[in-house]
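Student: sharing a model prediction with you, sequence too.
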Amino acid sequence: MNKKITVIGAGNVGATTAQRLFEKNYNEIALIDIAEGMAEGKALDILQSGPILGLDNNITGSTNYDITKDSDIIVITSGIARKPGMSRDDLLLTNMKIVSDVVEKTTSKSPNSILVIVTNPLDAMAQQALKVSGFAKEKVVGMAGVLDTARYRSFLAEELNVSVDVVQAYVLGGHGDTMVPTVGPTTVGGIPVADLIPANRLEEIVQRTRDGGAEIVGLLKTGSAYYAPSASIVEMIDSIILDKKLVLPCTAYLEGEYGLDGLYVGVPVKLGKSGIEHIYEFKLTDSELKSLHKSAESVKELLKVMEGN
């Protein structure tokens with residue numbers, strides 16, 4: 001595909017995203033990392049898989065943002081993970097500075113690009129990217145709901161011993177403990193999931209979805225998920241570049257939808273060549289809507305901390 005994709009951050013999520021893009025025949029990929037040799041080495045390794053896979057695509061790694069010029073999509077995965085003794089606010093402010101720097105450097109070279117934000121805390125970082133870039137809200141989208149929904153669908157398919165293809169579900173809200181795995185719109189083969197799984201068991205699956213990232217961290221001991229996150233990013237890129245217009249749960253800037261205004265929250269959107277082309281308002285139960293607003297409050301708290309710095 002004759003489109004240029006830049007991935008910022010050559011850690012596990014960023015590098016695996018670049019690999020998936022290369023293998024899906026995206027023919028121009030730029031990989032950037034602050035660590036000397038990291039992006040260069042991983043890009044070279046991916047490039048050398050080309051002859052085996054029968055791919056002539058180009059992937060370049062660097063610390064220099066010049067290679068990102070004229071990108072169609074910029075994926076931002078860079079940031080630090082929370083370290084022992086580090087407060088939540090410390091993590092927030094550190095990643096805010098990193099994302100701000102990356103957005104300034106990339107958007108100046110690719111003013112017509114679409115930004116896909118992955119850095120945590122996701123919803124707040126998307127808000128910061130919108131502010132720093134000056135882009136239209138449709139051009140800045142966050143990746144969280146696709147991943148959280150994939151986890152939810154996986155657990156439901158496993159519970160019912162059915163294909164994941166027949167499970168339709170959406171996880172809304174912020175990317176974290178307050179996410180909202182919906183029950184009302186969730187179906188399995190067109191049948192409401194509430195008709196197939198007892199309420200108490202369904203609540204256990206909902207809670208496991210909320211804890212999905214933490215479960216993997218607990219198993220790995222060091223590090224966090226990157227296979228499913230990278231697959232989620234690539235699904236979003238495909239929908240934009242190929243103008244597939246998939247309806248996916250993504251972090252989007254709301255202006256009155258769901259009774260929320262002026263902040264990024266995970267909701268169902270149509271993704272196409274223009275970025276976010278439509279925000280869908282599902283009919284939620286009173287409990288789900290209340291949970292969505294609670295999730296939004298958590299995002300607002302982060303924004304208040306950012307505004308004070």
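Tutor: Perfect, thanks for sending it.

Student: residues in contact with the residue most central in space within the chain?
Tutor: The chain has M143 as the residue nearest its centroid, 1.5 Å off, counting by Cα atoms, centre = their mean. Residues in contact with M143, defined by Cβ atoms under 8 Å, 6 or more residues apart in numbering, are 116-118, 122, 229, 232-233, 236, 250-251. To be clear about C-beta, it is placed using only N, CA and C from the backbone, and glycine gets the same treatment.

Student: let's see which of these end up in helices.
Tutor: 122, 229, 232-233, 236 (DSSP state H).

Student: could the residues you listed be laid out in CSV, adding neighbour count and distance to Q19?
Tutor: Shown next, in CSV, are these (neighbours: other Cβ atoms under 10 Å; distance: Cβ to Cβ, whole Å):
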residue, neighbour count, distance to Q19
L122, 23, 22
P229, 23, 13
S232, 26, 14
I233, 26, 12
M236, 24, 16
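
Student: in the longest strand anywhere in the chain, which residues are buried?
Tutor: For the chain, the strand with the greatest residue count under DSSP state E is strand 261-272. Buried residues in strand 261-272, counting neighbours by 16 or more other Cβ atoms under 10 Å, are found at 263-272.

Student: and stretch 216-224, by the same measure?
Tutor: Applying 16+ other Cβ under 10 Å to stretch 216-224 flags I216 as buried.

Student: output that stretch in PDB with nothing but the alpha carbons.
Tutor: The C-alpha trace of stretch 216-224 is given here as PDB (Å, rounded to 0.1, in the frame of the first residue of the first chain):
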ATOM      1  CA  ILE A 216      -1.200 -10.100  31.700                       C
ATOM      2  CA  VAL A 217       1.200  -7.900  33.700                       C
ATOM      3  CA  GLY A 218       0.800 -10.300  36.700                       C
ATOM      4  CA  LEU A 219       1.600 -13.300  34.500                       C
ATOM      5  CA  LEU A 220       4.600 -11.800  32.700                       C
ATOM      6  CA  LYS A 221       6.000 -10.300  35.900                       C
ATOM      7  CA  THR A 222       8.100  -7.800  33.900                       C
ATOM      8  CA  GLY A 223       6.500  -6.000  31.000                       C
ATOM      9  CA  SER A 224       2.900  -5.800  29.700                       C
END
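
Student: who touches it?
Tutor: 12, 81, 213, 225.

Student: tell me which element A124 falls in.
Tutor: Per DSSP states H and E: A124 is located in helix 122-133.

Student: need the residues that contact the following helix or strand past that helix.
Tutor: Using DSSP H and E, the helix or strand that follows helix 122-133 in sequence is strand 140-142. By Cβ under 8 Å, 6+ apart, the residues outside strand 140-142 that reach it are 114-118, 122-123, 125-126, 129-130, 133, 175, 236, 250-253, 264, 266, 269, 271, 275-276.

Student: one more: stretch 14-25?
Tutor: In contact with stretch 14-25 (Cβ under 8 Å, 6+ apart) are residues 1, 5, 7-8, 10, 29, 31, 33, 42-43, 46-47, 49-50, 53, 55, 57, 59, 75, 77-78, 226-227, 230-231, 233-234, 237-238.

Student: neighbours around V206, how many?
Tutor: By the criterion of other Cβ atoms under 10 Å, V206 has 20 neighbours.

Student: please name the residues that touch it.
Tutor: Applying Cβ under 8 Å, 6+ apart, we find V206 in contact with 152, 181, 183.

Student: now do G176
Tutor: For G176, the contacting residues are 121, 295, 298, by Cβ under 8 Å, 6+ apart.

Student: and the second one, how many neighbours does it have?
Tutor: Going back to what we said before, that points to S295. If we define neighbours as other Cβ under 10 Å, then S295 has 22 of them.

Student: that one reaches V267, doesn't it?
Tutor: No. Applying Cβ atoms under 8 Å as the test, S295 and V267 come out as separate, 10.7 Å apart.

Student: need the overlap of contacts for the two.
Tutor: Common neighbours of S295 and V267 (Cβ under 8 Å, 6+ apart) are L172.

Student: care to break the chain down by domain?
Tutor: 4-142, 145-307 (automatic domain parsing).
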